[in-house]
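**Q** everything below, folded, please.
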Amino acid sequence: MDAGIKVQDFWNMSIPEVHDCIRSYGRRAKIKILQQFIQAESIAEHIGRYLNSENKARKPWDFYPELFREEREQFEESKQEEQVVTAAENRRLYAAEFNRRRHQ
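**A** This next block holds a predicted model:
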């Protein structure tokens, strides 16, 4: 009954079917434990970011790379675009400061 098998179904099953149901219950339990562990780890990492700014919290694709492949690519593209914009702004500020000092 703990494996989610009804008593009536249990008595109508063959021995291999009972073994399959029990193994399936074990796999489902492992998956649930893994999901809870990943959730707890992710929460701890995000809380750790507030305590220490050097801590890096992982993204969903770090836990499930195949499932979040497109999201990761989009994130990386937007991050590169942001770096390009930041670098251009820094060069513009440097040139403005250089020109200001040159004209003094």
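**Q** which stretches of this protein have low pLDDT?
**A** Scanning the chain for pLDDT under 70 picks out the ranges 1-3.
**Q** any idea which residue is closest to the centre of it?
**A** The chain has residue 60 as the residue nearest its centroid, 1.7 Å off, counting by C-alpha atoms, centre = their mean.
**Q** so that residue touches residue 71, yeah?
**A** Yes: counting by C-beta atoms under 8 Å, residue 71 is a contact partner of residue 60 at 7.1 Å. For the C-beta atoms, the positions are set from N, CA and C on the backbone; glycine is no exception.
**Q** check contacts around the residue nearest to the centre of the chain.
**A** 67-68, 71 (C-beta atoms under 8 Å, 6 or more residues apart in numbering).
**Q** report the separation between it and residue 68.
**A** For residue 60, the distance to residue 68 equals 5 Å [C-beta to C-beta, to the nearest Å].
**Q** got the buried residues for the helix with the most length in the chain?
**A** Ranked by residue count and defined by DSSP state H, the top helix of the chain is helix 15-51. Under the neighbour-count criterion of 16 or more other C-beta atoms under 10 Å, helix 15-51 has 21, 42 buried.
**Q** buried ones in the helix or strand just after that helix, by neighbour count?
**A** Following helix 15-51 in sequence order, the next helix or strand is helix 60-63 (DSSP states H and E). Burial within helix 60-63, assessed by neighbour count using 16+ other C-beta under 10 Å, is assigned to residue 61.
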